[in-house]
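> how would this look folded up:
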Amino acid sequence: MPDTAPTQIFHDSASDRTFRVKWYAGRVAIYGILALWTFISLFPIYWTISTSFKLAPDVMQGNMVPFVDFAPKWRGWSSLGLSPDTIGRESTVRAEFLARFVNSAVTALASSALAVALGSCAAYGLSRFRYRFGFMRNPDISFFFLSQLILPPVVLALPFLVLYRELGLLDTRIGLILLYTLTVLPIVIWIMRDQFASIPVELEEAAMVDGLSIWGAFLTIVLPIALPGIVAAFILCLVLTWNEYFFAALLTSTNAKTLPVMVASQTGSQGINWWSMAALSTAAILPLIVIGVMLEKYIIKGMSAGAVK
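Here you go, the predicted model:
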């Protein structure tokens, strides 16, 4: 009988090498795509930060690498009174920036918190109870909330302008808070509805058997489990309201003007002040970056639990 063991061993080692080559090639391709996507995603942030340290010729010539293509200067930050040589002096531009920053922070945080509170209650009801409003059932009610996002903002401009003028809400923070709450509320409802639906009803039934009411079970049992989804919804609302420009430019003029409006107004007699706009944009995105890093674990848990689709 011929000996076939060496031939079998040769085929096995060749197949192993082929498998390892394909595995490494697949890993290299995946990491290469991820690296490319990371570069594409982070490049606008890099461009914005680097532009805030450029002079006008460097901006126009498209110089990109600091200390190689251009010498970094505090041009953009000094125009805002935030450079090391101007931070100790009085600056009207810095005072205006701080006022707009506070307006953005107050309106974004308040509207996001209010939307998450109201949206979580609505989403919990839609996931646990059956409603009937005319011909509408739970799926129809959920779609009704989502349909509020279909209309473009410009369609709502004139109605809100007239309504706010009659109510005296023009150029007020409370006006922006109410409007922003309405705009992000459907998103919270859809996110939290899926989050609550993934939590077993038996947990609440066991809590109510132990003596808790529906609200008690909701606050002590459901909300802690749904916390990652709540944080993910809050971060999404915060980003949307923080960056909102259209209604802030339409409904505010002096007192309640926000950062996006101030960023868009960086134009002069000689064109756009790119360095000032870049410095303002950098200062505007830093809080969101800090909040995202601090709450990263909750965001990841919320996404993995199906809270963000």
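> ok, which stretches of the stretch 201-309 of the chain are helices?
201-209, 214-217, 223-225, 227-242, 246-251, 259-264, 274-294, 296-304 (DSSP state H, counting those that start in this stretch).
> mean confidence score for the second one?
What helix 214-217 shows for mean pLDDT is 83.
> What is the helix ranked longest in the chain packed up against?
Selection of the longest helix in the chain by residue count, based on DSSP state H, yields helix 5-51. Judged by 3 or more C-beta pairs under 8 Å, 6 or more residues apart in numbering; DSSP states H and E, helix 5-51 is in contact with helix 274-294. (C-beta placed from N, C-alpha, C; glycine too.)
> for the helix it packs on, packing partners?
Looks like helix 274-294 contacts helix 5-51, helix 56-61, helix 75-78, helix 92-128, helix 227-242, helix 259-264 (3+ C-beta pairs under 8 Å, 6+ apart).
> Quick one, which of the helices of the stretch 201-309 of the chain gets closest to residue 108.
helix 227-242 (4.3 Å; C-beta to C-beta).
> Rounded mean pLDDT for the closest one, please.
Mean pLDDT, computed over helix 227-242, is 89.
> where does that helix sit relative to the chain's centre, distance-wise?
Here helix 227-242 is found 7 Å from its chain centre; the criterion is C-alpha atoms, centre = their mean, to the nearest Å.
> re earlier: go through the helices of the stretch 201-309 of the chain and name the closest to residue 49.
The nearest among the helices of the stretch 201-309 of the chain, by C-beta to C-beta, is helix 274-294 at 5.3 Å.
> ok and that closest one relative to helix 92-128, angle-wise?
40 degrees (axes from the mean of the first three to the mean of the last three C-alpha atoms, to 10 degrees).
> in helix 274-294, what counts as buried?
274-285, 287, 291 (16 or more other C-beta atoms under 10 Å).
> can you check stretch 33-49 too?
48-49.
> Just the CA atoms from that stretch would do, formatted as CSV, please.
The C-alpha trace of stretch 33-49 is given here as CSV (Å, rounded to 0.1, in the frame of the first residue of the first chain):
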residue,chain,number,x,y,z
ILE,A,33,-11.1,50.9,5.0
LEU,A,34,-11.5,51.9,8.7
ALA,A,35,-8.4,54.1,8.6
LEU,A,36,-9.6,55.7,5.4
TRP,A,37,-13.0,56.4,6.9
THR,A,38,-11.4,57.8,10.1
PHE,A,39,-9.3,60.1,8.0
ILE,A,40,-12.3,61.3,6.0
SER,A,41,-14.3,61.9,9.2
LEU,A,42,-11.6,63.7,11.1
PHE,A,43,-10.2,65.8,8.3
PRO,A,44,-12.8,68.5,8.5
ILE,A,45,-12.1,68.9,12.3
TYR,A,46,-8.3,69.1,11.5
TRP,A,47,-8.9,71.6,8.8
THR,A,48,-11.0,73.8,11.1
ILE,A,49,-8.5,73.7,13.9
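> pLDDT on that stretch, on average?
Mean predicted confidence for stretch 33-49 is 90.
> Much appreciated, bye for now.
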